[in-house]
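Visitor: generate coordinates for the sequence data below:
(chains A and B)
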2 protein chains.
Amino acid sequence: MAEITSYNFTIQPQDVDFTLRASASSIINYMLNVAGIDAHRKGFGVDALQGDSVTWVLSRLAVEIKTQPKQYEDVQVDTWVNEFNRLSSTRNFRMYQHDTLCAMGVSQWCMLDMKSRQAVDMTKLKDVYQSAMVDEPSPIAMPARLRAIEPQNESSRPVAYSDIDFNRHVNTLRYIDLMFDALPIELIENNNGMRFDINFIAEARYGEVLSVGSCSEGSIWQFEITSNSGKTLCRAKIEFK
Amino acid sequence: MAEITSYNFTIQPQDVDFTLRASASSIINYMLNVAGIDAHRKGFGVDALQGDSVTWVLSRLAVEIKTQPKQYEDVQVDTWVNEFNRLSSTRNFRMYQHDTLCAMGVSQWCMLDMKSRQAVDMTKLKDVYQSAMVDEPSPIAMPARLRAIEPQNESSRPVAYSDIDFNRHVNTLRYIDLMFDALPIELIENNNGMRFDINFIAEARYGEVLSVGSCSEGSIWQFEITSNSGKTLCRAKIEFK
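Guide: Below you'll find the predicted structure:
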């Protein structure tokens, strides 16, 4: 058994939106960066895995944001893994600004064989994982499984250089930016907190064209991003408080 | 007279492109962040100015990149102001990765009245500036004054939430991303250094539609971003070594 690990950051100018508060996408970015650093420190980071030509893939994520920290404020991100099975591992996050809990997150990861693009049985990581496991429940409900939507609005654009990661796939954060870009800006400006669920289904490559579909009912917005190759790439739901 | 000031950073996952090297846009982002922090520390930051309803505006920038630092590498950014007159101030940058000089930059700033949107006479900042001035020449040639181009290629898209800063204007870095997105990706992948010049002419707001025009001749690429309101927003030139 291990302990919860904490990482400290200062909210940078590129993290804030026009309200000078960290955007939902940059709050999620801090969580995902912490996931990368923490996995690395505990011996199961991408760098340790790539030798076996496998990599971590984020399959589902849920984040609840209470308040968005402001530019140049210091934040602390706590992280811990509390579940691990043959096909999935669960990593949790809590973000604090001084003593105020700003945001919480739960992420589910699987291991992907980079050649076959198939999920890998993680049983062989059992020992490393066992020693990194923390006996603390997830801070919020697990990410929802999201269904297909009937889009009321749609917009599309090609995948560009600034969208892609080292696998030449569209970066996770860019999908999230595209979804928030599809919202009425007043909803973001005046939000009093939100829950965001996202499911990653397939990967888009440089050269494909992304289409962002959305629909809303009351304070709930749903999104589906598809590719011109016919694939559904990801689905998400934002519920404003 | 003052001394050159240095700031230290670690290249983060969100800073690198698919080659796992810091993108030109993120190298520029580090320089501009350092400009903000350094101006603040020396008493002429945006926070000190906003009381007078004036703000700093970047008018021209030139950056020469020799090598792009890699993810998680530590970099040092040196900055100094070496020129100041009634309408413009010149701030310089050198970025090092250990002892290797990676990039150099020269930026020219003017002060804008946020109500009239007109340039402000900076004579009243003379004393603060005098004490911050450093007797060290700019590391590269001053930013070029760029002329209109005849675009060979053009693409357009609306200004989105994730593009805008606290003035609801398109963020400087986003213009740079849009330009690099318009390049053949192989040029970025295989580059052996470049010089980038940019002139900022007008500001685009949320709701406007941006059009990115480009043309090339040999290893020189030129860009012009315009708005559907008819304004030319910025022009840039990239020369690959």
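
Visitor: just the helices in chain A please.
Guide: Along chain A, the segments classed as helices by DSSP state H run A:24-41, A:46-49, A:126-132, A:172-181, A:185-189.

Visitor: and the third one, which residues are buried?
Guide: Which is helix A:126-132. By 16 or more other C-beta atoms under 10 Å in any protein chain shown, the buried positions in helix A:126-132 come out as A:129, A:132. Quick note: C-beta positions are derived from backbone N, CA and C, even for glycine.

Visitor: average pLDDT for that helix?
Guide: Mean pLDDT, helix A:126-132: 80.

Visitor: about what we covered before: check the helices of chain A for me: which has the lowest mean pLDDT.
Guide: Looking at these, the weakest mean confidence is helix A:46-49, a mean of 68.

Visitor: packing partners of the longest strand seen in chain A?
Guide: Across chain A, the longest stretch assigned as strand under DSSP state E is strand A:100-113. If you count contacts as 3 or more C-beta pairs under 8 Å, 6 or more residues apart in numbering or on different chains; DSSP states H and E, strand A:100-113 packs onto helix A:24-41, strand A:54-65, strand A:89-97.

Visitor: the longest one and chain B in contact?
Guide: Yes: for helix A:24-41, a contact with chain B is found by C-beta under 8 Å from any C-beta of the partner chain, at A:25, A:29, A:32, A:33, A:36.

Visitor: any chance of the residues you listed in TSV, plus neighbour count?
Guide: Shown next, in TSV, are the residues of helix A:24-41 next to chain B (neighbours: other C-beta atoms under 10 Å in any protein chain shown):
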residue	neighbour count
A:25	22
A:29	21
A:32	20
A:33	16
A:36	17
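
Visitor: which of those residues sits closest to residue B:211?
Guide: residue A:25 (25.3 Å; C-beta to C-beta).

Visitor: how many other residues sit next to the closest residue to that closest one other than its chain neighbours?
Guide: Nearest residue to residue A:25, sequence neighbours excluded (C-beta to C-beta, 6 or more residues apart in numbering or on different chains): residue A:176, at 4.5 Å. Counted with other C-beta atoms under 10 Å in any protein chain shown, the neighbours of residue A:176 add up to 26.

Visitor: ok, residue A:176 - contacts?
Guide: A:24, A:25, A:28, A:196, A:198, A:236 (C-beta atoms under 8 Å, 6 or more residues apart in numbering or on different chains).

Visitor: just the buried members of these?
Guide: Buried, going by 16+ other C-beta under 10 Å: A:24, A:25, A:28, A:196, A:198, A:236, out of those.

Visitor: the second one is in contact with residue A:173, isn't it?
Guide: Yes: taking contacts as C-beta atoms under 8 Å, residue A:25 lies within contact range of residue A:173: 5.5 Å.

Visitor: which neighbours do those two have in common?
Guide: By C-beta under 8 Å, 6+ apart, no residue touches both residue A:25 and residue A:173.

Visitor: quick check: the closest residue to residue A:8 other than its chain neighbours vs chain B, distance?
Guide: Nearest residue to residue A:8 in three dimensions, chain neighbours excluded: residue A:76, at 5.4 Å (C-beta to C-beta, 6+ apart). Distance check for residue A:76 against chain B: by C-beta to the nearest C-beta, to the nearest Å, it reads 17 Å.

Visitor: then residue A:66?
Guide: Distance from residue A:66 to chain B, by C-beta to the nearest C-beta: 20 Å.

Visitor: ok, now which ones touch the closest residue to residue A:160 other than its chain neighbours?
Guide: Nearest residue to residue A:160, sequence neighbours excluded (C-beta to C-beta, 6+ apart): residue B:181, at 3.8 Å. Neighbouring residues of residue B:181 by C-beta under 8 Å, 6+ apart: A:160, A:161, A:162, B:212.

Visitor: what sits against residue A:128?
Guide: A:42, A:43, A:44.

Visitor: I figured the first one hits residue A:132, correct?
Guide: Yes: with contact defined as C-beta under 8 Å, residue A:42 and residue A:132 form a contacting pair (4.5 Å).

Visitor: overlap in contacts of those two?
Guide: residue A:2.

Visitor: which one of the contacts of residue A:176 is nearest to chain B?
Guide: Nearest to chain B among the contacts of residue A:176 is residue A:25, at 7.1 Å by C-beta to the nearest C-beta.

Visitor: quick check: bridge partners of residue A:56?
Guide: Applying DSSP bridges to residue A:56 gives these bridge partners: residue A:111.

Visitor: surely it touches residue A:111?
Guide: Yes: using C-beta under 8 Å, residue A:56 is in contact with residue A:111, at 6.3 Å.

Visitor: and the two? which has more neighbours close in?
Guide: Set residue A:56 next to residue A:111 and count neighbours by other C-beta under 10 Å: residue A:111 wins out with 22 against 18.

Visitor: next up, the contacts around the more buried one.
Guide: Residues near residue A:111 by C-beta under 8 Å, 6+ apart: A:49, A:54, A:55, A:56, A:57, A:119, A:120, A:122, A:125.
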